[in-house]
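**Student:** Okay, here's the prediction I keep looking at, along with the sequence it came from:
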Amino acid sequence: MADPAVQKFILKVLMSLPSPVLRAMSGGGTVYRGGRTLDPRFQFLAAAAAKMPSLTSLAPDVARAASAQGLTAMSGPPEPGVRTEGLSIDGPNGPIKLRAYQPTDQDSSAPLIVFAHFGGGVIGDLETCHAFCGILARIARTAVLSVDYRLAPDHRFPAGLDDVLAAFRWARDHAERFGAAPGTAAIGGDSMGGNFSAIVAQEMKRLGESQPALQLLIYPAVDVASETASMTTYGDAYPLSRPIMDWFMGHYMGPDANPADPRLSPDKTKDLSGLAPAVVITAGFDPLVDQGEAYAKRLVAAGVPTTYRCYDSLAHGFTAFTGVVPAADAACREIARLVRAAFDARVD
């Protein structure tokens, strides 16, 4: 197995080549689909990935190890001026590992952000979103608490969701420990983490608890049985395809789960009024792009203050590609600025 540092160096050199060269190395031509043009670096990575075994051919534990190795090569460096701390809290079924990020110029009036990583509920860990959480902490000038929730198939639905709910409640009640505004917390995540985040806001409403300060939903999976046009248009996209989504859900849901359950598909909730202000982000080359946009429109129609952005040239999972795709790094920094703007717009 290649040394990860060497692998990362080689990939970074390759990804620094001019766009026409990368497109030629990817088989030539520009990938244009659904009115969108794919970033040439994502095009190169997709061509390389096509020569490798799909996650769908791997056992979950092997898929976790393979994806972790690959994502290590893609991630950006640690964000300067951000201190990290590992900790553990009591969860509903044992300890939950967390990682805290605190910037040197933290704004003590800003809410703590609880963040859940992507991975379809099957893969991913604290390293998956490490670079992005640092960016979010430094630019939004607030503490971020990343959650290492339980994964399927060892722990099927709703185990991971329950862990994120427990972490959110704990963070809300211990926000001052991290130098953040007391008694409140924001919730955020990407892909499955976005699914969890939307559900946390809905669960707080259903149970009569205070809403998060903000819900940050990055290319969220809000309908696990979606059949929107993008599920076909981008059904073979990299790194998330329709077969991989089906593989994730087959492991995550279990045989008795109902895809129409709002705790699986938050878009099935009829009334979205009264939910936390939202920042909703989608990627253009992503089977989930239509459902993310539709959920943002539903939030707006329900009177929820919502900011929506679609990064047309990027693909699903771009928060983990900040070290090799400059447009992904730029998008992550803009997202952090949108979060900061949403905090500044809050009226207590």
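**Tutor:** Great, that's in hand. Here the structure is a predicted model, which is why all the values come from computation and not from measurement. Residues are numbered from 1 along each chain as shown.
**Student:** which phi and psi does the nearest residue to Leu299 once chain neighbours are set aside have?
**Tutor:** Spatially, and ignoring its direct neighbours in sequence, Leu299 is nearest to Thr306 (4.5 Å; C-beta to C-beta, 6 or more residues apart in numbering). Heads up, the C-betas are built off the backbone N, CA and C, glycines and all. Here the main-chain torsion angles of Thr306 (degrees, to the nearest 10) amount to phi -140, psi 130.
**Student:** Tell me which residues touch Asp90, please.
**Tutor:** By C-beta atoms under 8 Å, 6 or more residues apart in numbering, Asp90 lies in contact with Ile96.
**Student:** which SS class is it?
**Tutor:** Reducing the assignment to helix, strand or coil with DSSP: H, G, I helix; E, B strand; the rest coil, the entry for Asp90 is strand.
**Student:** ok, what's across the strand from it?
**Tutor:** With beta bridges defined as DSSP bridges, Asp90 has these partners: Pro95.
**Student:** quick one: it from Ser197, how far?
**Tutor:** Using C-beta to C-beta, to the nearest Å, we find Asp90 at a distance of 22 Å from Ser197.
**Student:** cool, and Lys97?
**Tutor:** Here the criterion is C-beta to C-beta. By it, Lys97 lies 19 Å from Ser197.
**Student:** between those two, which one's more packed in?
**Tutor:** Ser197 (30 against 17; other C-beta atoms under 10 Å).
**Student:** now the helices: where do they sit in the stretch 101-250 of the chain?
**Tutor:** Defined through DSSP state H, counting those that start in this stretch, the helices belonging to the stretch 101-250 of the chain, from first to last, are 130-140, 159-173, 192-206, 230-233, 242-252.
**Student:** Out of the ones you listed, the one nearest Val62 is which?
**Tutor:** Go through these one by one with C-beta to C-beta and the one that ends up closest to Val62 is helix 242-252, at 12.6 Å.
**Student:** Name the next helix or strand following that closest one along the chain.
**Tutor:** Once the chain leaves helix 242-252, the next helix or strand it forms, by DSSP states H and E, is strand 278-285.
**Student:** how many degrees apart are that following strand and helix 192-206 in direction?
**Tutor:** When axes from the mean of the first three to the mean of the last three C-alpha atoms, to 10 degrees is applied, the directions of strand 278-285 and helix 192-206 differ by 150 degrees.
**Student:** following strand 278-285, which helix or strand shows up next?
**Tutor:** With DSSP H and E setting the assignment, the helix or strand that follows strand 278-285 is helix 289-301.
**Student:** helices and strands around that next one, which ones?
**Tutor:** For helix 289-301, the helices and strands in contact under the criterion 3 or more C-beta pairs under 8 Å, 6 or more residues apart in numbering; DSSP states H and E are helix 230-233, strand 278-285, strand 306-315.
**Student:** Just send these back as JSON lines, with mean neighbour count too.
**Tutor:** Putting the helices and strands packed on helix 289-301 into JSON lines (neighbours: other C-beta atoms under 10 Å) gives the following:
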{"stretch": "helix 230-233", "mean neighbour count": "18"}
{"stretch": "strand 278-285", "mean neighbour count": "26"}
{"stretch": "strand 306-315", "mean neighbour count": "21"}
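**Student:** So for Glu85, which of the ones you listed sits nearest?
**Tutor:** Proximity of those to Glu85 was assessed by C-beta to C-beta; the nearest stretch is strand 278-285, lying at 25.3 Å.
**Student:** And the nearest residue to Thr282 once chain neighbours are set aside, how far from Tyr308?
**Tutor:** Across the structure, with C-beta to C-beta, 6+ apart as the measure, the residue nearest Thr282 apart from its sequence neighbours is Gly292 (4.0 Å). If you measure Gly292 against Tyr308 using C-beta to C-beta, the figure is 8 Å.
**Student:** do the same with Leu161
**Tutor:** 24 Å.
**Student:** Below-threshold pLDDT in the protein: ranges please.
**Tutor:** Along the chain, the model assigns pLDDT under 70 to residues 1-2, 347-348.
**Student:** and the top helix by length along the chain, what does it pack onto?
**Tutor:** Among all segments of the chain classified by DSSP state H, the helix with the greatest residue count is helix 326-344. Using 3+ C-beta pairs under 8 Å, 6+ apart as the contact criterion, the neighbours of helix 326-344 among helices and strands are helix 130-140, strand 185-190, strand 215-218, strand 278-285, strand 306-315.
**Student:** Lys97 touches Gly91, doesn't it?
**Tutor:** No: counting by C-beta atoms under 8 Å, no contact exists between Lys97 and Gly91, whose distance comes to 9.4 Å.
**Student:** circling back: JSON lines please, covering the helices and strands packed on helix 289-301 and showing distance to Met74.
**Tutor:** Conversion of these to JSON lines gives the following (distance: least, C-beta to C-beta, whole Å):
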{"stretch": "helix 230-233", "distance to Met74": "23"}
{"stretch": "strand 278-285", "distance to Met74": "15"}
{"stretch": "strand 306-315", "distance to Met74": "12"}
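**Student:** which one of those lies closest to Ala46?
**Tutor:** Proximity to Ala46 (C-beta to C-beta) singles out strand 306-315 among these, at 7.7 Å.
**Student:** Spell out which strands sit alongside the closest one in the sheet and which way each one runs.
**Tutor:** Strand 306-315 pairs in its sheet with strand 278-285 (parallel), by DSSP bridges.
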